[in-house]
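A.B. asks: model this:
(chains A and B)
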There are 2 protein chains.
Amino acid sequence: MLLSGGLDSATALAVARHRGFEAHCLSVDYGQRHREELSASRRVAQALGASSHRVVRVGLSGFGGSALTDRAIPVPKDRTERARSASIPVTYVPARNTVMLSLALAWAEVVGARDVFVGVNAIDYSGYPDCRPEFLRAFERLARVATKAGVEGARFRIHAPLLRLSKAGIVRLGTRLRVPYGITTSCYDPRGGRACGRCDACQLRRKGFEESGVPDPTRYARPAARP
Amino acid sequence: MLLSGGLDSATALAVARHRGFEAHCLSVDYGQRHREELSASRRVAQALGASSHRVVRVGLSGFGGSALTDRAIPVPKDRTERARSASIPVTYVPARNTVMLSLALAWAEVVGARDVFVGVNAIDYSGYPDCRPEFLRAFERLARVATKAGVEGARFRIHAPLLRLSKAGIVRLGTRLRVPYGITTSCYDPRGGRACGRCDACQLRRKGFEESGVPDPTRYARPAARP
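C.D. replies: Next up is the predicted model:
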């Protein structure tokens, strides 16, 4: 299970646990600016009864090329829906999900798991190429030929239970499964324990709670803008 | 270009340079026991005129599961050809080439490269599933759907110019291209600047030089066993 500490992967973990899976969680420290993610992932793994949790470091930040790892590129604020959907966002980290799933595959092979859960979502994040179903299917095909386990007949499955849910749908699903959303974090640019309330991730999260009718436990630095 | 500091990737780099490519090299520090690899990779990149060279760290060693990263698993010595070809070796690192190619893909996307060179070889290392042509083709298909560049029409190619060469063939090719093999290292278990002469990698390397008729510049701790 790839666990980021955010709302989506916490919900995906709850789904995996609800389906009866024992969960071995992996968080990837790829030099993201928002370090709060990693401590949130520890809290989430514990709260949802994961059997194990590892943090693996990957020096992706040395590559640059994304607003999430490169301090020279500002995290966009107050972007409109239209601007967000028009192109691949600057918060895209080159080949990030490919790197993350590769690490998850390695970890799965070591612990003997065949089912890999990820919280990716093709609706609200459709700008990211590596959040699409065709990416996940291509990765499953790769896993079959890439691993010792695959050669010996194992069939790896990449589960993306949130793939076609809206953010509001994810919040409703997780609320039914008793995900403690107050301990998750989504903000790309948190300060002093509060979410900025302005970045893409905050806006999506806030909108998701609003549309779901579930009270939003997030502590924002700024109140929501009036529509 | 994925560069390990070994004989194979040095030869693959020489091929890429010979074909006129500007080379941006990436070495992956995955916690391999044989740290000598990384300094060798720096020497090789410089000697063969690479335009840039990065070392990216990945905490794979925390996963265990391989003799190359896990100190609890001994590196095998004096294994026979038959034993080696019979199964996947314990020196297999779970999903290693998947992780490495993912990182190379990320780096390629950042530098704007579309051609990724790797020194993998399907003949002498046929025990590793992620050294096979079907793995490389599956990765190319993945790269097309995984990246911003791919979505925008770029076609990534994974070049494996050594794929079907024997070790002797690789040595002959590299010698023609003036690869300074004395600065490369292959040993899984080097001590005091000398190759052990006994591990799988040393045996393959030594045999490759013997069969190629090229003098072997490697400093071994033990003389070659008599056949």
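
A.B. asks: tilt between the helix ranked longest in chain A and helix B:96-111?
C.D. replies: Ranked by number of residues, the top helix in chain A under DSSP state H is helix A:96-111. Angle, helix A:96-111 to helix B:96-111, by axes from the mean of the first three to the mean of the last three Cα atoms, to 10 degrees: 170 degrees.

A.B. asks: what's the burial count for A:P217?
C.D. replies: A:P217: 11 surrounding residues under other Cβ atoms under 10 Å in any protein chain shown. Every residue, glycine included, has its C-beta placed from N, CA and C.

A.B. asks: thinking again about what came up before, right, is the longest helix of chain A up against chain B?
C.D. replies: Yes: shown here: helix A:96-111 in contact with chain B (Cβ under 8 Å from any Cβ of the partner chain) through A:96-99, A:101-103, A:105-107, A:109-110.

A.B. asks: elements contacting that helix?
C.D. replies: Applying 3 or more Cβ pairs under 8 Å, 6 or more residues apart in numbering or on different chains; DSSP states H and E, we find helix A:96-111 packed against strand A:24-29, strand A:52-57, strand A:115-117, helix A:133-146, helix B:96-111, helix B:133-146.

A.B. asks: now render these as a markdown table, adding mean neighbour count, distance to B:R42 and mean pLDDT.
C.D. replies: Converted to a markdown table, these look like this (neighbours: other Cβ atoms under 10 Å in any protein chain shown; distance: least, Cβ to Cβ, whole Å; pLDDT from 0 to 100):
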| stretch | mean neighbour count | distance to B:R42 | mean pLDDT |
| --- | --- | --- | --- |
| strand A:24-29 | 23 | 25 | 92 |
| strand A:52-57 | 16 | 21 | 89 |
| strand A:115-117 | 21 | 35 | 97 |
| helix A:133-146 | 22 | 28 | 93 |
| helix B:96-111 | 25 | 16 | 90 |
| helix B:133-146 | 22 | 26 | 93 |
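
A.B. asks: mind putting those into CSV with distance to A:G174?
C.D. replies: What follows is the helices and strands packed on helix A:96-111, written out as CSV (distance: least, Cβ to Cβ, whole Å):
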stretch, distance to A:G174
strand A:24-29, 16
strand A:52-57, 19
strand A:115-117, 14
helix A:133-146, 20
helix B:96-111, 29
helix B:133-146, 27
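
A.B. asks: can you give me the helices for chain A?
C.D. replies: All helices of chain A, identified by DSSP H, fall at A:7-18, A:36-47, A:81-86, A:96-111, A:133-146, A:148-151, A:167-176, A:200-212.

A.B. asks: B:R222 is nearest to which of these?
C.D. replies: helix A:148-151 (29.9 Å; Cβ to Cβ).

A.B. asks: wait, does that closest one contact chain B?
C.D. replies: Yes: with Cβ under 8 Å from any Cβ as the criterion, chain B is reached by helix A:148-151 at A:148, A:150-151.

A.B. asks: right, I'll call it a day here.
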